[in-house]
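In: Fold the following for me, if possible:
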Amino acid sequence: MTPQLDNVLIEVADGIATITVNRPKALNALNTAPIDDLSAAIDYVAASDDIRGVIVTGAGDRAFVAGADIAAMAQSSGEGGEAFSKHGSDVFARLEALPKPVIAAVNGFALGGGCELMLACDFAYAAESARFGQPEVNLGLIAGFGGTQRLTRKVPYGTAMELLLTGRIIRADEALRIGLVNRVVPNDELMGAVRETMTEILSKGPVAVA
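Out: Numbering: from 1, shown residues only. Now for the predicted structure:
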C-alpha cells in the first residue's frame, strides 16, 4: 500500500513512482518533516518490485524546492543545524544510490537544498520558468546536503565554484547551457516530457538501467 505522508505525495502508475514535495504554500521548502517523508518515500520505492523508475518534482507551479525552511533553521541550535544537515545529506545520498532511474522534473525554483535534491537525481528536465542556485553563501552557510560535491561533478569545476561562491541564481536556459539540466520545455509540457523519457528508459532491460 502506498504510504500516506504529510509533506510528500507518492503516485504510482505504469511502473513509475512520482514523488512530489508537497508544501506549496512554503514553496516546498525543506525542514525535518519533509526530509523524513522523503526518506520514507525512498524506502517505499526501493522496496517495491513494481516500481522501476522514479520522478521527483514539487507541488504547485512556483517551486520544485525553494531551499531549506529558513524560519525553522533560525529556531534551531548549532547542534540542531548540524544534525539537520547530516540527516538531509544521508537521505539525498540514499536517493542518489537508488538502483532505479530517477529524473528530476524542475517546475520552478530549485535553490539551495532544492538544487541539491535535483543533483541527487540521475538527471533533470526543467520548465522554462525554473531558476537554479546555491545561495547559502548569502547566509554565511555552505550547501549542506552534498551539493558542493555533486555540483562540481555535474558542471565544469570553475562554473560550479562560481555558483557556490557568488550564490548567483540562474535561469533555465543558462542551466541547460552549462549542463546542469538536460532539457528545457514549456511549463505545461514538463511532466509529459519527463514521463515520455522515463517510459523510453523502462522499455530497456531492467538490469541494464538499474
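
In: Against Ala33, how distant is Met191?
Out: Counting by Cβ to Cβ, to the nearest Å, the gap from Met191 to Ala33 is 25 Å. Every residue, glycine included, has its C-beta placed from N, CA and C.

In: Repeat that for Lys154.
Out: Spatial separation of Lys154 from Ala33 under the definition Cβ to Cβ is 28 Å.

In: which element follows the helix or strand of the chain with the lowest mean pLDDT toward the C-terminus?
Out: Each helix and strand of the chain was given a mean pLDDT (mean pLDDT, DSSP states H and E); the minimum falls on helix 70-74 at a mean of 61. Heading C-terminal from helix 70-74, the first helix or strand you meet, by DSSP states H and E, is helix 78-96.

In: Using CSV, write out every CA atom in that next one.
Out: Listed next in CSV are the C-alpha coordinates belonging to helix 78-96 (Å, rounded to 0.1, in the frame of the first residue of the first chain):
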residue,chain,number,x,y,z
GLY,A,78,24.1,24.9,16.2
GLU,A,79,23.9,21.2,17.0
GLY,A,80,20.4,21.1,15.6
GLY,A,81,21.6,22.6,12.4
GLU,A,82,24.4,20.1,12.1
ALA,A,83,22.0,17.2,12.7
PHE,A,84,19.6,18.6,10.1
SER,A,85,22.4,18.9,7.5
LYS,A,86,23.6,15.3,8.2
HIS,A,87,20.1,14.0,8.0
GLY,A,88,19.4,15.7,4.7
SER,A,89,22.8,14.6,3.3
ASP,A,90,22.1,11.0,4.3
VAL,A,91,18.6,11.0,2.7
PHE,A,92,19.9,12.6,-0.6
ALA,A,93,22.7,10.0,-0.7
ARG,A,94,20.2,7.2,-0.5
LEU,A,95,18.2,8.8,-3.3
GLU,A,96,21.4,9.0,-5.4
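
In: Renumber starting at 46 from here on
Out: In the new numbering, first residue 46, that becomes helix 123-141.

In: what residues does that helix touch?
Out: 75-77, 80, 83-84, 87, 91, 101, 113, 118, 121, 147, 158, 161-162, 165-166, 189-191, 195 (Cβ atoms under 8 Å, 6 or more residues apart in numbering).

In: What is the subsequent helix or strand relative to that helix?
Out: On the C-terminal side of helix 123-141, the closest following helix or strand by DSSP H and E is strand 147-151.

In: tell me the angle of that next one relative to helix 123-141?
Out: 120 degrees (axes from the mean of the first three to the mean of the last three Cα atoms, to 10 degrees).

In: Tell me the strands beside strand 147-151, with direction?
Out: Paired neighbours of strand 147-151 in the sheet (DSSP bridges): strand 98-103 (parallel), strand 168-172 (parallel).

In: For that strand, report the contacting residues that lie outside it.
Out: Contacts of strand 147-151 (Cβ under 8 Å, 6+ apart): 98-102, 109, 140, 155, 162-163, 165-172, 175, 177, 217, 226, 235-236, 239, 242-243.

In: Then stretch 194-212?
Out: Applying Cβ under 8 Å, 6+ apart, the external contacts of stretch 194-212 come out as 141, 160-161, 164-165, 178-183, 187-188, 192-193, 213, 215, 223-225.

In: can you rerun that using 7 Å?
Out: Counting contacts by Cβ atoms under 7 Å, 6 or more residues apart in numbering, the residues outside stretch 194-212 that touch it are 164-165, 178-180, 182-183, 188, 193, 223-225.

In: Nice, that's everything, thank you.
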